[in-house]
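K.L.:
sharing a model that was predicted from the sequence below.
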Amino acid sequence: MDGVAVGAINRVPADGEARSNMHVGGRAEAIGMTAREHEICERIGPALKERGFIFVGIDVIGDFMTEINVTSPTGIREVQKFGGADIASLIWDAIESKV
């Protein structure tokens, strides 16, 4: 959110499916962020913020970032459902702070 990590989920594929995307049946599991995931976010966060990206999602497999989602990040409701941040409110707060 505006260059700072605010939550994480683990996406698990449905039976018989290789993709873990929730729109194809993947499900979210609660997960904490590893030290490596925090490091990735700290390294890319300033550049994303500088470019004006308020809300992005990243995919991490093992210790490697595999994707930055800037057009359709998912997991807002799932993060909050598992006791994490209210990302929807954080998005609006970030937008309002810029106007």
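P.N.:
That came through, no problem.
K.L.:
longest single helix anywhere in this structure?
P.N.:
Counting by DSSP state H, the longest helix found in the chain is helix 35-50.
K.L.:
strands along this protein, start to end?
P.N.:
Counting by DSSP state E, one finds strands in the chain at the ranges 9-12, 27-30, 57-61, 64-69.
K.L.:
JSON lines for those, including mean neighbour count, distance to residue 49 and mean pLDDT?
P.N.:
(C-beta placed from N, C-alpha, C; glycine too.) JSON lines is the format used below for the strands of the chain (neighbours: other CB atoms under 10 Å; distance: least, CB to CB, whole Å; pLDDT from 0 to 100):
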{"stretch": "strand 9-12", "mean neighbour count": "16", "distance to residue 49": "22", "mean pLDDT": "95"}
{"stretch": "strand 27-30", "mean neighbour count": "14", "distance to residue 49": "26", "mean pLDDT": "95"}
{"stretch": "strand 57-61", "mean neighbour count": "15", "distance to residue 49": "14", "mean pLDDT": "95"}
{"stretch": "strand 64-69", "mean neighbour count": "12", "distance to residue 49": "13", "mean pLDDT": "96"}
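K.L.:
circling back: list the buried residues of the longest helix of the chain.
P.N.:
Neighbour counts over helix 35-50 (16 or more other CB atoms under 10 Å) mark 37, 40-41, 44-45, 48-49 as buried.
K.L.:
so who does residue 5 touch?
P.N.:
For residue 5, the contact set (CB atoms under 8 Å, 6 or more residues apart in numbering) comprises 33, 37-38, 41-42, 45.
K.L.:
for the strands of the chain, which one sits closest to residue 93?
P.N.:
Set against residue 93 and scored by CB to CB, the strands of the chain come closest in strand 57-61, at 17.9 Å.
K.L.:
remind me what that closest one packs against, helices and strands.
P.N.:
The contact analysis (3 or more CB pairs under 8 Å, 6 or more residues apart in numbering; DSSP states H and E) places strand 57-61 against helix 35-50, strand 64-69.
K.L.:
residue 89: which of these is closest?
P.N.:
Using CB to CB, the helices and strands packed on strand 57-61 put helix 35-50 closest to residue 89, at 18.6 Å.
K.L.:
thanks a lot, see you next time.
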